[in-house]
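Visitor: Build me a model from this:
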Amino acid sequence: MTLTDLGWSVFFEEAFSRVAKAGWVPARLIRDNKITYGALTDDGEEYEVVMSGKVYHDASTDAELPAVGDWVALEIGTGELDHVIRARLPRRTCFSRKAPGRSTEEQVLAANVDLVCVVTDAGADLNLRRMERYFALIGRSGAQALVLVNKCDLFPEEQNEEAAAAIRALCPEAEVVVTSAVEGRNVAAIRRFLSPGVSITFVGSSGTGKSSLVNALLGEEWQEEGEVNEVTGKGRHTTTARELIVLEEGGILIDNPGIREVQMWTDEHTLREKFLDVAEIAAECRFHDCRHGSDAGCAIREAVSEGRLSRERLEGFLKLDEEIAKLKKRLKKRKMTLERRAKRDHKVKARNLADRRDHEAELKPRPTNT
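Guide: The predicted structure is shown next:
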């Protein structure tokens, strides 16, 4: 195994050269054990490593802490000394979402991946509005999009192809493949996206067959597969943590637990890139700040009434646009709160320092006149 097999490139080589010290080696994180990490080096050796205090304190948010897929500068410990992450290298790509709930934190799902593979099916899991969310997040990440319409053995051929066509219409640049992990259909087609050093992460709802596809690609039972529900056709969710796997024939997989909430962590520019059809029509509105409701001269409303734009597509866009605006507002509020807190702490420290100096001055013996 070489660093190139793990995804190393000139980008990381230059970043490592700026921080490297004697005894430090590059390593890629393959597992997050909450307290420790699993790290892989170019000799194929896997180490259980800990994060240094500096790396922790230098991170202004949890998203800046090391994550699966990250490259790090690792100091190999000797004897009973820990193996320590001394620096996290900059990310070439980063696939993330807003953390679930009302948090304003970014949650990194996979770092430094070339492709994000969304696994769905042509049945109950197919949700075009959720796919729009995935495409928006992938667009911001810098990775390419790949969609697998899996479990095609459970649905009529026409239904599978209609699902694939609907997904392609949402994102023409995305690769869409109809697959069946059980029958092995088109699993080989996935391998054409993989080559030494290329990283791909699998995401999607629980029970869509991600683990089965990973097992099919590996040719072994790497992930335990759950029983299949005879009514829904879904397998029970078995992946419980993110893990990076290096394929013998080349390529790197990062499996993820099932995702229930695809919450936005992107910007207005990326959103409009993924909704070019809506943005182009909106440019024809009479007023540049048209809200696409009851405003006069709304080209969007006209396009919907004429059938040139589906109401569902428009509603999906407006919902995501509103969600991003709210996130932006909450992030701004959080930033202001942190800045006020930092100023307050600075004043408290300055006052405490002044009080201590005054106290020391009072205790200092005064010269006596002789």
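Visitor: For this protein, just list every one of the helices.
Guide: 10-19, 53-58, 128-141, 157-170, 187-191, 210-218, 268-274, 276-282, 299-306, 311-363 (DSSP state H).
Visitor: so where is the stretch 101-250 of the chain shaky, pLDDT-wise?
Guide: Low-confidence segments of the stretch 101-250 of the chain (pLDDT under 70): 101-104, 220-241.
Visitor: go with 90
Guide: Residue ranges of the stretch 101-250 of the chain with pLDDT under 90: 101-109, 124-137, 139-141, 170-172, 181-192, 194, 203-243, 247-250.
Visitor: now the helices of the chain as TSV including mean neighbour count and distance to Ala87?
Guide: From N, CA and C alone the C-beta is placed, and that goes for glycine too. TSV is the format used below for the helices of the chain (neighbours: other CB atoms under 10 Å; distance: least, CB to CB, whole Å):
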stretch	mean neighbour count	distance to Ala87
helix 10-19	14	5
helix 53-58	12	7
helix 128-141	22	22
helix 157-170	16	39
helix 187-191	16	34
helix 210-218	22	30
helix 268-274	17	29
helix 276-282	16	39
helix 299-306	16	48
helix 311-363	12	24
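Visitor: would a markdown table of those with distance to Glu45 be doable?
Guide: Compiled in a markdown table, the helices of the chain are given as follows (distance: least, CB to CB, whole Å):
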| stretch | distance to Glu45 |
| --- | --- |
| helix 10-19 | 18 |
| helix 53-58 | 21 |
| helix 128-141 | 29 |
| helix 157-170 | 41 |
| helix 187-191 | 27 |
| helix 210-218 | 20 |
| helix 268-274 | 39 |
| helix 276-282 | 47 |
| helix 299-306 | 57 |
| helix 311-363 | 40 |
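Visitor: Figure out which of those is closest to Val178.
Guide: Among those, the nearest to Val178 by CB to CB is helix 157-170 (4.9 Å).
Visitor: who does that closest one touch, helix- and strand-wise?
Guide: strand 115-121, helix 128-141, strand 144-150, strand 175-178 (3 or more CB pairs under 8 Å, 6 or more residues apart in numbering; DSSP states H and E).
Visitor: picking that back up, of the helices of the chain, which approaches Lys98 most closely?
Guide: Nearest to Lys98 among those is helix 311-363 (6.3 Å), distances taken as CB to CB.
Visitor: still on that earlier bit, can you tell me which of the helices of the chain comes nearest to Val149?
Guide: Nearest to Val149, of all these, is helix 157-170, at 5.1 Å by CB to CB.
Visitor: what's the spacing between the closest one and its chain's center?
Guide: The chain centre lies 25 Å from the centre of helix 157-170; the measure is CA atoms, centre = their mean, to the nearest Å.
Visitor: Adjust the sequence numbering to begin at 369 for everything that follows.
Guide: Done: numbering now begins at 369, and the last item shifts to helix 525-538.
Visitor: Export only the CA atoms of that helix, formatted as CSV.
Guide: The C-alpha trace of helix 525-538 is given here as CSV (Å, rounded to 0.1, in the frame of the first residue of the first chain):
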residue,chain,number,x,y,z
GLU,A,525,-38.3,-2.4,-14.7
GLU,A,526,-40.4,0.6,-15.8
GLN,A,527,-40.7,1.9,-12.2
ASN,A,528,-36.9,1.7,-11.8
GLU,A,529,-36.2,3.6,-15.0
GLU,A,530,-38.8,6.2,-14.2
ALA,A,531,-37.2,6.8,-10.9
ALA,A,532,-33.7,7.1,-12.5
ALA,A,533,-35.0,9.5,-15.1
ALA,A,534,-36.7,11.7,-12.5
ILE,A,535,-33.4,11.9,-10.6
ARG,A,536,-31.4,12.7,-13.7
ALA,A,537,-33.8,15.6,-14.5
LEU,A,538,-33.0,17.1,-11.1
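Visitor: Next, the angle from it to helix 496-509.
Guide: 40 degrees (axes from the mean of the first three to the mean of the last three CA atoms, to 10 degrees).
Visitor: who's in contact with helix 525-538?
Guide: If you take CB atoms under 8 Å, 6 or more residues apart in numbering as the criterion, helix 525-538 is touched by 488-491, 494, 496, 499-500, 503, 515, 517, 520, 542, 544-546.
Visitor: now that we have the residues you listed, which one has the most neighbours?
Guide: Val517 (30 neighbours; other CB atoms under 10 Å).
Visitor: can you tell me how far it sits from Pro434?
Guide: Between Val517 and Pro434 the distance is 34 Å, computed by CB to CB, to the nearest Å.
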